[in-house]
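> The amino acid sequence is not available; the structure is as follows:
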Ligand SMILES: Nc1nc2c(ncn2[C@@H]2O[C@H](COP(=O)(O)OP(=O)(O)O)[C@@H](O)[C@H]2O)c(=O)[nH]1
Ligand SMILES: [Mg+2]
């Protein structure tokens with residue numbers, strides 16, 4: 001499938017084509033409803049597009065479930081990592097696989113309502129990046145407190161200027177990823193993308209979105225392994241942006 005960038009309606013604030021990217025780790029109960037909701041949204045709004053699921057070494061039936069829906073709808077594509085490489089690695093794999101003019105990065109765990117894409121779409125003509133922020137975050141108190149501190153820290157260190165860095169409801173024009181390179185394989189990826197995009201001068205708009213409790217599957221965002229990796233990647237980016245890094249900056 002090749003989608004010409006100018007395909008579809010030309011009215012202002014409308015998506016001409018959209019790649020929906022779901023990173024998924026052990027989401028066998030959530031992934032099919034998540035993909036179906038995305039397809040319905042594309043259909044309802046008449047947006048040509050594709051849905052890409054990056055199964056990041058899941059040990060459950062996630063990949064098989066995706067293969068099932070992909071057989072029924074050719075807009076759906078599943079790619080799998082043999083091992084669990086991390087949230088950032090999966091997200092960026094999805095970006096590399098994507099072919100549409102805009103890229104919608106969201107989660108596969110049904111904690112967001114894909115129908116609220118319309119709120120972000122309204123700004124796609126005037127901004128390169130539109131990010132959601134969770135009006136009322138449906139996570140346990142300790143997660144909300146940690147997230148508040150983390151947001152304050154990364155905003156200050158990298159001048160991100162967004163109130164909910166890790167809100168998994170973001171639309172990017174693909175020119176952003178053609179310009180910036182991203183090195184983080186873990187959960188720090190959201191901060192890195194925004195820091196590099198801001199530094200490159202891309203325009204960012206924030207929009208409120210709803211958030212719902214996870215009904216099935218296990219939340220991994222607060223595991224010590226995930227948090228430890230985010231701290232290491234934060235240090236790498238800081239060193240890189242200050243020109244102290246021993247590693248080469250990533251290429252786009
Ligand atoms: N690719 C990848 N995705 C993950 C990993 N851990 C979680 N995810 C996905 O990332 C999204 C958010 O994960 P979740 O555990 O709910 O994080 P939280 O909402 O921040 O607590 C879901 O779509 C998960 O399937 C991982 O190790 N690799
Ligand atoms: Mg979640």
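Noted; the coordinates are in hand. If you're wondering where the values come from, they're calculated on a predicted model, not measured in any experiment. Ligands and ions are numbered 1, 2, ... in the order given.
> mind listing what residue 20 touches?
38, 42, 49-52, 104, 106, 114 (C-beta atoms under 8 Å, 6 or more residues apart in numbering). In short, each C-beta sits where N, CA and C put it, glycine included.
> Out of the residues you listed, which comes closest to ligand 2?
residue 106 (10.3 Å; C-beta to the ion).
> Next, name the residue at the spatial heart of this protein.
Relative to the mean C-alpha position of the chain, the nearest C-alpha, by C-alpha atoms, centre = their mean, is the one of residue 105, at 2.8 Å.
> give the contact list for that residue.
By C-beta under 8 Å, 6+ apart, the residues touching residue 105 are 21, 91, 94-95, 168, 170-172.
> Apply the buried test to those residues and list what passes.
Neighbour-count burial within the contacts of residue 105 applies to 21, 91, 94-95, 168, 170-172; the criterion is 16 or more other C-beta atoms under 10 Å.
> Please identify which of those residues is nearest to ligand 2.
Nearest to ligand 2 among the buried ones among the contacts of residue 105, with distances taken as C-beta to the ion, is residue 168, at 7.1 Å.
> What residues does the chain have near ligand 1?
23-25, 27, 54, 56, 84, 86-87, 90, 107-109, 111, 214, 219-221 (C-beta under 6 Å from any ligand atom).
> Sort out which of those residues are in helices and list them.
Among the residues of the chain next to ligand 1, the ones falling in helices (DSSP state H) are 87, 90.
> Is it possible to mark the buried ones in the residues of the chain next to ligand 1?
The buried subset of the residues of the chain next to ligand 1 - by 16+ other C-beta under 10 Å - is 23-25, 27, 54, 56, 84, 86-87, 90, 107-109, 111, 221.
> Name the pair among those with the greatest separation in space.
Farthest apart among these by C-beta to C-beta are 84 and 111. That separation is 20.1 Å.
> Give me the contacts around whatever helix or strand residue 237 lives in.
Assessed by DSSP states H and E, residue 237 sits inside helix 224-241. Contact with helix 224-241 is made by 86-88, 154, 157-158, 183-189, 191-192, 195, 199, 220, 245-247, 249, as judged by C-beta under 8 Å, 6+ apart.
> can you pull the buried residues of that helix?
By neighbour count on 16+ other C-beta under 10 Å, the buried set for helix 224-241 is 229-230, 233-234, 236-237, 240-241.
> Go through those and name the one nearest ligand 2.
For the buried residues of helix 224-241, the nearest to ligand 2 is residue 230 (15.2 Å; C-beta to the ion).
> ok, the residue nearest to that closest one when sequence neighbours are not counted - contacts?
Of all residues not flanking residue 230 in the chain, residue 188 sits nearest, at 4.3 Å (C-beta to C-beta, 6 or more residues apart in numbering). For residue 188, the contact set (C-beta under 8 Å, 6+ apart) comprises 88, 229-230, 233-234, 237.
> can you do 6 Å?
230, 233-234 (C-beta atoms under 6 Å, 6 or more residues apart in numbering).
> repeat for residue 137
144, 211.
> pLDDT value on it, please?
Looking at residue 137, its pLDDT is 94.
> So for residue 116, what pLDDT did the model give?
Note on residue 116: pLDDT of 97.
> Could you give the number of residues near it?
Here the number of neighbours of residue 116 (other C-beta atoms under 10 Å) works out to 16.
> roughly how far apart are it and ligand 1?
16 Å (C-beta to the nearest ligand atom, to the nearest Å).
> just residue 196 next, same as before
20 Å.
> what's the pLDDT at the nearest residue to residue 27 once chain neighbours are set aside?
Counting by C-beta to C-beta, 6+ apart, residue 27 lies nearest to residue 108, which is 4.6 Å off, once chain neighbours are set aside. Looking at residue 108, its pLDDT reads 96.
> and residue 108, what is it in contact with?
With C-beta under 6 Å, 6+ apart, residue 108 has these contacts: 22, 24, 27, 30-31, 34.
> one more time with 8 Å, if that's ok
22-24, 27, 30-31, 34, 53.
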